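>>> Fold the following, please.
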Amino acid sequence: MGKFFNQQAAIGSGKHRQLLVALAVSLLAPANLFAGSASAQSLAPDVKLPAIPAINEYANPKAPANNPIANEPELVLSAKLAENGENIGRGLVWRVFSPEPDPDGKLQLLATSKGGTTSFNLAPGSYLVHVAFGRAGATKRITMTRAKRNETMILDAGGVKLNAVLSGGGRIPQDQLRFSIYEDHEDATGERALIIPDVKPESVVRLNAGTYQIVSNYGTANAVIRADIRVEAGKITEANVEHRAAQLTMKLVRENGGEALADTAWSVLTTSGDIVRESVGAFASIVLAEGEYIIIAKNKDKIYQRDFKVVAGRNQDVEVLATGGASAASTANQPVGGDEPLD
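Numbering: from 1, shown residues only. Presented below is the predicted three-dimensional model:
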């Protein structure tokens, strides 16, 4: 009986194999439709592919129908430094604002653009247009209708190029030279508003036409020069100031020409006792305006000093001899050889 069952199973398995092959072919037929036309026709000739739209039937984001702003009138904007100048080709920053402030009191920024001549598509109405070129800028209210409009903004601006030299024409290392630009008038507190800090020498700064105060710093101590300059529209003003100063390198030694003593604290004072600069190290480098100074060196528990005169344009090493120093404890609040306190 068991043998009969096995024979039936074997016979049945052969039929089942045929049915399974046919079923597998029918199941694979839809997938093979995409493998190639020959395969699709041989496996499923009656199956129809769905209609696929042509690529040009997809929505084009740049089409006027899909970009409502493009249907608005065009405002073409350009800018000049002066009335009789040429259009500025690059470096401009354009901003379009709503003319009415929002509940927070701020004007809503509607559009921006960078470069030279630019254009915006704006609905009819009133707008505030601002253009910036470096620190120079201009603002204008523009009313749009249904017609295209061209507008040229006059910045009434120029530029300034700053540099400085030592007395006698000596060159100043550019990494030790910085400028700041201030407004020409003082406010109610007697201060001038800072417009641009930390301007590098030989760089061109764009400013609206007018008068400004330039502050030149050579080093980080008291070598400071102030000068007023006039910026004219459409022109680059080159301003060179002269520093009457020198760079000193100080060291504390036991004998002339000796090795510098480490762990030395330095103070440079004016003859009236005002501290100009303090530092710590075997060598102390400082740029000072010409004049007379007191150099004080503290090493361990001793204080040493030397009077020194700075001559404009004469950079030099200054040695302070570590001989005959006073005790630091006995001179904590009083300079060596003087009656006035240090602080």
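>>> switch to C-alpha atoms for all contacts and neighbour counts from now on
Will do.
>>> Where do the strands of the stretch 1-150 of the chain begin and end?
Under the criterion DSSP state E, counting those that start in this stretch, the stretch 1-150 of the chain carries strands at the ranges 74-80, 92-101, 107-115, 118-121, 125-133, 136-144, 149-154.
>>> now those in JSON lines, with mean neighbour count, mean pLDDT and distance to G210?
Conversion of the strands of the stretch 1-150 of the chain to JSON lines gives the following (neighbours: other Cα atoms under 10 Å; pLDDT from 0 to 100; distance: least, Cα to Cα, whole Å):
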{"stretch": "strand 74-80", "mean neighbour count": "20", "mean pLDDT": "96", "distance to G210": "17"}
{"stretch": "strand 92-101", "mean neighbour count": "18", "mean pLDDT": "94", "distance to G210": "20"}
{"stretch": "strand 107-115", "mean neighbour count": "14", "mean pLDDT": "95", "distance to G210": "25"}
{"stretch": "strand 118-121", "mean neighbour count": "16", "mean pLDDT": "96", "distance to G210": "27"}
{"stretch": "strand 125-133", "mean neighbour count": "19", "mean pLDDT": "96", "distance to G210": "16"}
{"stretch": "strand 136-144", "mean neighbour count": "16", "mean pLDDT": "96", "distance to G210": "11"}
{"stretch": "strand 149-154", "mean neighbour count": "15", "mean pLDDT": "96", "distance to G210": "15"}
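>>> Can you convert the ones you listed into JSON lines and add a column each for distance to I296?
Output for these, formatted as JSON lines (distance: least, Cα to Cα, whole Å):
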{"stretch": "strand 74-80", "distance to I296": "57"}
{"stretch": "strand 92-101", "distance to I296": "53"}
{"stretch": "strand 107-115", "distance to I296": "56"}
{"stretch": "strand 118-121", "distance to I296": "62"}
{"stretch": "strand 125-133", "distance to I296": "49"}
{"stretch": "strand 136-144", "distance to I296": "47"}
{"stretch": "strand 149-154", "distance to I296": "57"}
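>>> among the ones you listed, which is nearest K302?
Proximity of these to K302 was assessed by Cα to Cα; the nearest stretch is strand 136-144, lying at 56.2 Å.
>>> In terms of secondary structure, what does that closest one contact?
Helices and strands in packing contact with strand 136-144 are listed as strand 125-133, strand 149-154, strand 157-166, strand 204-208; criterion 3 or more Cα pairs under 8 Å, 6 or more residues apart in numbering; DSSP states H and E.
>>> wait, which of these is closest to R244?
Proximity to R244, assessed across the helices and strands packed on strand 136-144 by Cα to Cα, is greatest for strand 157-166 (6.1 Å).
>>> Can you tell me what sits against the helix or strand following that closest one?
Next along the chain after strand 157-166, taking DSSP states H and E as the criterion, comes strand 177-186. For strand 177-186, the external contacting residues (Cα atoms under 8 Å, 6 or more residues apart in numbering) are 162, 164, 192-201, 211-219, 228.
>>> ok, now stretch 288-296?
Residues from elsewhere that reach stretch 288-296 (Cα under 8 Å, 6+ apart): 221-224, 243-248, 266-271, 303-312.
>>> Of the residues you listed, grab the buried ones for PyMOL.
Selecting the buried subset of the contacts of stretch 288-296 in PyMOL, with 16 or more other Cα atoms under 10 Å as the burial test, is done by:
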select buried, resi 222+223+224+243+244+245+246+247+248+266+267+268+269+303+304+305+310+311+312
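>>> Redo the helices and strands packed on strand 136-144 as a markdown table? Include distance to E259.
Supplementary listing: those in a markdown table, determined by distance: least, Cα to Cα, whole Å:
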| stretch | distance to E259 |
| --- | --- |
| strand 125-133 | 54 |
| strand 149-154 | 64 |
| strand 157-166 | 30 |
| strand 204-208 | 45 |
